[in-house]
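Quick one, structure for this:
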Amino acid sequence: MAKQYLKYGGVRFVNNATPEEINAFVNELSDTQRRSLYNVVTLLEEEGLISLVEGDTTTIDQNMEEFLVPNSGPELK
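Numbering: from 1, shown residues only. Below is the predicted model of the structure:
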């Protein structure tokens, strides 16, 4: 199974339920509960629908790698 990361948090997670079950759960949340990605992820984890993988995070969006510019190195001094 491919690794999955939260796009706006970079935290790796594993599905413990089908995408349909996860979507149904999220769709049942109130607007207030869905306002925060952190809150949604916390609720999904508490419900056992996903598991967060501690210590495995990424801050790179693979779709944007070609546009990344180094922010250090001898060429920038």
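
CA only for contacts and neighbour counts going forward, please
OK.

Following element in sequence after the helix or strand of the chain with the lowest mean pLDDT, please.
Using mean pLDDT, DSSP states H and E, the weakest-scoring helix or strand in the chain turns out to be strand 4-5, at a mean of 62. Sequence-wise, the next helix or strand downstream of strand 4-5 (DSSP states H and E) is strand 11-15.

What are the contacting residues of the helix or strand following that following strand?
Along the chain past strand 11-15, the next helix or strand (assigned with DSSP H and E) turns out to be helix 19-28. Contact with helix 19-28 is made by 34, 40, 44, 49, as judged by CA atoms under 8 Å, 6 or more residues apart in numbering.

Now do the contacts for the last one.
Just to be clear, that refers to residue 49. Residues near residue 49 by CA under 8 Å, 6+ apart: 15, 16, 17, 22.

Quick check: the first one vs residue 25, distance?
Computed as CA to CA, to the nearest Å, the residue 15 to residue 25 distance reads 13 Å.

coming back round to it: buried among the contacts of residue 49? Make that a ChimeraX selection.
A single ChimeraX command selects the buried members of the contacts of residue 49 (16 or more other CA atoms under 10 Å):
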select :22
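
which one among the contacts of residue 49 gets closest to residue 54?
Nearest to residue 54, judged by CA to CA, of the contacts of residue 49 is residue 15 at 14.4 Å.

Count the residues that sit near the closest residue to the closest one other than its chain neighbours.
Excluding the flanking residues, the one nearest residue 15 by CA to CA, 6 or more residues apart in numbering is residue 50, at 4.6 Å. Around residue 50 there are 19 other residues, counting by other CA atoms under 10 Å.

Residue 16 is in contact with residue 50, correct?
Yes - judged on CA atoms under 8 Å, residue 50 makes contact with residue 16 at a distance of 5.0 Å.

any idea which strand is longest in this structure?
Assignment by DSSP state E gives strand 50-57 as the longest strand of the chain.

Could you list the residues in contact with that strand?
Outside strand 50-57, the residues that reach it (CA under 8 Å, 6+ apart) are 5, 10, 11, 12, 13, 14, 15, 16, 17, 44, 45.

Name the residues of it that come out as buried.
50, 51, 52.

Redo these as JSON lines? Include pLDDT and distance to residue 29.
JSON lines is the format used below for the buried residues of strand 50-57 (pLDDT from 0 to 100; distance: CA to CA, whole Å):
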{"residue": "50", "pLDDT": "95", "distance to residue 29": "16"}
{"residue": "51", "pLDDT": "94", "distance to residue 29": "19"}
{"residue": "52", "pLDDT": "87", "distance to residue 29": "20"}
